[in-house]
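>>> Fold the following for me, if possible:
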Amino acid sequence: MKNADRIPATIITGFLGAGKTTLVRHLLETARGKRLAIIVNEFGSVGIDGDTLRGCGIETCAEENIVELANGCLCCTVAEDFIPTMQALIDRPEPPQHILIETSGLALPKPLIKAFDWPSIRSRLTVDGVIAVVDAPAVASGRFASDPEAVARQRQEDPSIDHDNPLAEVYEDQLMAADLIVLNKTDLIDAFTSEALKAQVAAIVPRAVKVVMAREGRVDVSILLGLAAAAEDDLHARPSHHDALDGQHEHDDFESFVVALPEIDDTDALLARLKMVADTHDVLRIKGFAAVAGKPLRLAVQGVGHRFRSSFDRPWSEREKRQGHIVVIGETGLDRAAIEAAILG
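All right, here's what the predicted structure looks like:
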């Protein structure tokens with residue numbers, strides 16, 4: 001079957017807090033009537049990103065078209081979760097016209113691309129493109145830049161280290177698999193830094209890939225969809241740090257947990273506590289929802305590093321308990337008790 005006869009799928013990858021869900025939501029808002037299905041892969045037991053999309057109030061955002069997979073990183077659970085989910089979507093009486101796959105921040109894109117070669121879906125699906133979303137301010141701060149001297153010192157001090165910073169490896173694997181790279185949050189950096197980042201990305205990616213600047217994930221649907229990359233057919237052009245391991249990798253460097261949050265009285269006080277947690281502990285990402293006394297709308301909270309944002313996203317339903325959930329993601333060894341106590345105040 002030709003690619004034109006197969007349902008296109010777009011893999012949206014990017015590190016924690018890069019703005020993948022924001023980009024997906026904007027894409028839904030500008031889908032121009034296209035029937036979309038979204039697969040959201042969470043890192044942790046509470047589906048914050050999937051819930052955010054379900055509550056978006058967009059006509060093309062029907063709840064039955066949003067599938068949440070929270071049983072672990074998709075690239076590690078292809079056979080158990082991903083393949084059956086894709087099969088169920090394309091077997092619907094009215095299958096989607098395009099499938100969006102938002103990976104967790106720790107997922108490697110290449111094993112997912114390889115999954116499109118599975119016999120049960122190969123003839124009916126194609127990877128239209130891989131989009132890597134980059135947190136421009138975070139990268140500009142050098143968060144993923146390798147320091148050869150520092151790595152050498154670490155190797156001398158700890159003989160068990162046999163690779164570079166795993167965060168850098170994940171970041172580079174996502175870029176090297178991409179057909180389009182979105183430098184997001186460019187309103188938070190200057191023009192000179194933006195151009196420097198474009199050059200830095202180009203040095204990592206082994207082939208010509210378009211880099212798009214964006215604010216709040218606002219990229220036109222005509223740019224994001226319809227790339228016709230057929231990525232499953234050119235895996236050799238998408239190198240990975242984990243090729244020698246056949247896509248296998250460890251996530252033991254990361255952990256996440258959920259803090260149940262009772263109804264709060266003061267939004268500013270909650271944000272102050274979350275910022276204090278980010279400053280004091282080795283936290284990579286904080287996200288979730290809160291119930292504010294006297295407010296009929298749910299408060300959505302997103303935090304990356306020291307940057308936090310909050311907004312009221314939708315009304316609480318009558319069936320819901322007015323209780324918040326805050327997901328904390330960081331490198332292994334977080335002081336969970338101290339973090340929970342700080343968040344709860």
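
>>> Show me the domain layout of the protein.
For the chain, the structural domains run 3-245, 254-344, going by automatic domain parsing.

>>> Strands along the stretch 1-150 of the chain, start to end?
7-14, 36-41, 66-69, 98-102, 125-135 (DSSP state E, counting those that start in this stretch).

>>> got those strands as a markdown table, with mean pLDDT, distance to residue 178 and mean neighbour count columns?
Where C-beta positions appear, they are placed from N, C-alpha and C, glycine not excepted. Listed next are the strands of the stretch 1-150 of the chain as a markdown table, based on pLDDT from 0 to 100; distance: least, CB to CB, whole Å; neighbours: other CB atoms under 10 Å:
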| stretch | mean pLDDT | distance to residue 178 | mean neighbour count |
| --- | --- | --- | --- |
| strand 7-14 | 94 | 7 | 25 |
| strand 36-41 | 84 | 17 | 25 |
| strand 66-69 | 69 | 21 | 20 |
| strand 98-102 | 92 | 14 | 25 |
| strand 125-135 | 95 | 4 | 27 |
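
>>> Packed most tightly, which of the domains of the chain would that be?
Mean neighbour count (mean count of other CB atoms under 10 Å) peaks for domain 3-245 among the domains of the chain, with a mean of 18.

>>> Going along the chain, name the helices of this structure.
Counting by DSSP state H, the segments of the chain that form helices are 20-29, 48-54, 83-90, 109-115, 119-122, 136-140, 148-157, 166-176, 191-204, 221-224, 267-280, 336-344.

>>> Comparing these, which yields the minimum mean pLDDT?
Between the helices of the chain, the one with the least mean pLDDT is helix 148-157; it has a mean of 42.

>>> thinking again about what came up before, with residue 309 as the reference, name the closest of the helices of the chain.
helix 267-280 (9.1 Å; CB to CB).

>>> With just CA atoms, put the closest one into PDB.
Output in PDB follows, covering the C-alpha atoms of helix 267-280 (Å, rounded to 0.1, in the frame of the first residue of the first chain):
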ATOM      1  CA  THR A 267      -2.900  30.600  44.700                       C
ATOM      2  CA  ASP A 268       0.200  32.800  45.200                       C
ATOM      3  CA  ALA A 269       1.200  31.000  48.300                       C
ATOM      4  CA  LEU A 270       1.000  27.600  46.500                       C
ATOM      5  CA  LEU A 271       3.200  28.900  43.600                       C
ATOM      6  CA  ALA A 272       5.700  30.300  46.100                       C
ATOM      7  CA  ARG A 273       5.900  26.900  47.800                       C
ATOM      8  CA  LEU A 274       6.400  25.100  44.500                       C
ATOM      9  CA  LYS A 275       9.100  27.600  43.400                       C
ATOM     10  CA  MET A 276      10.900  27.000  46.800                       C
ATOM     11  CA  VAL A 277      10.800  23.200  46.100                       C
ATOM     12  CA  ALA A 278      12.300  23.800  42.700                       C
ATOM     13  CA  ASP A 279      15.000  26.000  44.200                       C
ATOM     14  CA  THR A 280      15.800  23.600  47.000                       C
END
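
>>> Contacts for that helix next, please.
With CB atoms under 8 Å, 6 or more residues apart in numbering as the test, helix 267-280 has contacts from 261, 264, 283, 286, 290, 292, 299, 301, 303, 305-306, 308, 310, 326, 328, 338-339, 342-343, 345.

>>> Show me those residues that map onto strands.
Under the assignment DSSP state E, the contacts of helix 267-280 contribute 261, 283, 286, 290, 299, 301, 303, 308, 310, 326, 328 to strands.

>>> Quickly check the residues you listed for the two that are furthest apart.
283 and 299 (19.3 Å).
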